[in-house]
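Novice: just a sequence and a predicted model for now, questions to come.
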Amino acid sequence: MTPTTPHSLAIAAKGLRKAYGDKTVLDCIDLAVPTGTVYSLLGPNGAGKTTVVKILSTLITADAGDLRVGGHDLAADPQAVRAAIGVTGQFSAVDWLITGEENMLLMADLHQLSRSEGRRTAAELLERFDLVEAAANPVSTYSGGMRRRLDLAMTLVGKPRIIFLDEPTTGLDPRSRRNMWGIIRELVSGGVTVFLTTQYLEEADELADRIAVLSDGKIAAEGSADELKRLIPGGHVRLRFADPAAYQSAAVALREVTRDDEALSLQILSDGSQRELRSILDWLDSAGIEADELTVHIPDLDDVFFALTGGTNLPNQPAANQPAANQPRKAAR
């Protein structure tokens, strides 16, 4: 594998295009995934997320595009790409009729590891994924979360530095999903690059360094979770006062505010940026007005998704947690 620096790209796609007959699935999209990060691709069902994964993992060919994975040209050297990557699809690829350990050893054989190295690698990964006690049991007896952990453990047998996870937590209960998040974070902390597709917006918000929203075959927006949230109008700062006189003074002096006389609170349109928050706090200080509580509200990824994809519903979408920035904080005195 070509050596990379921390600032290089693990995956680079320019002008990626794929069509099936008259239907264009991917319409000249660009992707840039830095090494050692989690990059999440969001989109409604049928948007082309799995098609992107299949192309970048050499399972199908693109119609057009300059594509590089792990420093290798996808068209010129697909075998080098395959040697650098691991893939975990939407559905578990493990064999239910044999044991977890036998699945691991089978994968070791496919990677042409020696018998001793294969057994050592299998044992290490079974321990890492907390599957030692179940290793001798048929996979048919495993829970969904255990099967997904085994699936990912098998993906790691070849020690890939780039892993494609195509909706890896679909169908898992909340505890199993969070356990999988911990595993993904651990992989990335070790320098692995993760390309993640998911329908769970909370998952992308929790894990991804960068997020791209795929809609109608194009990248509708790309950036960090916070950057995407600021694309959508509706963000505001809420000031709450305990002193009615302070509330009245602020309501008169501040422009373009929404009043709530009963709650003694004012709502000010804001993108939640540090610059705008500082401006509000500086104004309160200079006017000698004290707010008892300042709360920042910014749109979440649900809002971003619906705005960018035309309100297409996401199946099995859990309620997203409020971002940390939405928690109440005391205004500067």
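Specialist: Here it is on my side, so go on.

Novice: how near is the closest residue to residue 287 other than its chain neighbours to residue 282?
Specialist: With sequence-adjacent residues excluded and distances taken as C-beta to C-beta, 6 or more residues apart in numbering, residue 287 is closest to residue 253, at 6.2 Å. All C-beta spots, glycine's among them, are computed from the backbone N, C-alpha and C. For residue 253, the distance to residue 282 (C-beta to C-beta, to the nearest Å) stands at 13 Å.

Novice: can you pull the contacts of the residue nearest the centre of the chain?
Specialist: Residue closest to the average C-alpha location in the chain (C-alpha atoms, centre = their mean): residue 204, at 2.8 Å. Contacts were defined as C-beta atoms under 8 Å, 6 or more residues apart in numbering; by that measure residue 204 touches 40, 42, 196, 198, 211, 225, 301.

Novice: closest one of those to residue 21?
Specialist: Residue 21 lies nearest to residue 42 out of the contacts of residue 204, by C-beta to C-beta, at 25.8 Å.

Novice: neighbours of that closest one, how many?
Specialist: Neighbourhood size, residue 42 [other C-beta atoms under 10 Å]: 29.

Novice: again with the one 3 residues further on
Specialist: Residues contacting residue 45 under the criterion other C-beta under 10 Å number 11.

Novice: report how many residues lie close to residue 240.
Specialist: Counted with other C-beta under 10 Å, the neighbours of residue 240 add up to 17.

Novice: ok, it - contacts?
Specialist: 263-265, 291-295.

Novice: burial count for residue 101?
Specialist: By the criterion of other C-beta under 10 Å, residue 101 has 19 neighbours.

Novice: tell me where the stretch 151-300 of the chain has helices.
Specialist: Here the stretch 151-300 of the chain has its helices, by DSSP state H, counting those that start in this stretch, at 174-189, 201-207, 225-229, 244-253, 274-287.

Novice: ranking these by burial, who's on top?
Specialist: Among the helices of the stretch 151-300 of the chain, helix 201-207 has the highest mean neighbour count (mean count of other C-beta atoms under 10 Å), at a mean of 22.

Novice: if we can go back for a sec, can you put the contacts of residue 204 in TSV and add distance to residue 17 and pLDDT?
Specialist: Conversion of those to TSV gives the following (distance: C-beta to C-beta, whole Å; pLDDT from 0 to 100):
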residue	distance to residue 17	pLDDT
40	22	97
42	20	92
196	22	96
198	24	88
211	22	96
225	28	91
301	27	85
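
Novice: for residue 219, see how far away residue 15 is.
Specialist: Taking C-beta to C-beta, one finds residue 15 at 12 Å from residue 219.

Novice: need the per-residue pLDDT for the residue with the largest distance to the centre of the chain.
Specialist: Residue farthest from the centre of the chain, counting by C-alpha atoms, centre = their mean, is residue 245 at 45.9 Å. Looking at residue 245, its pLDDT reads 90.

Novice: OK, contacts around it?
Specialist: By C-beta under 8 Å, 6+ apart, residue 245 lies in contact with nothing.

Novice: which residue is the nearest non-sequential neighbour of residue 268?
Specialist: residue 237 (4.8 Å).
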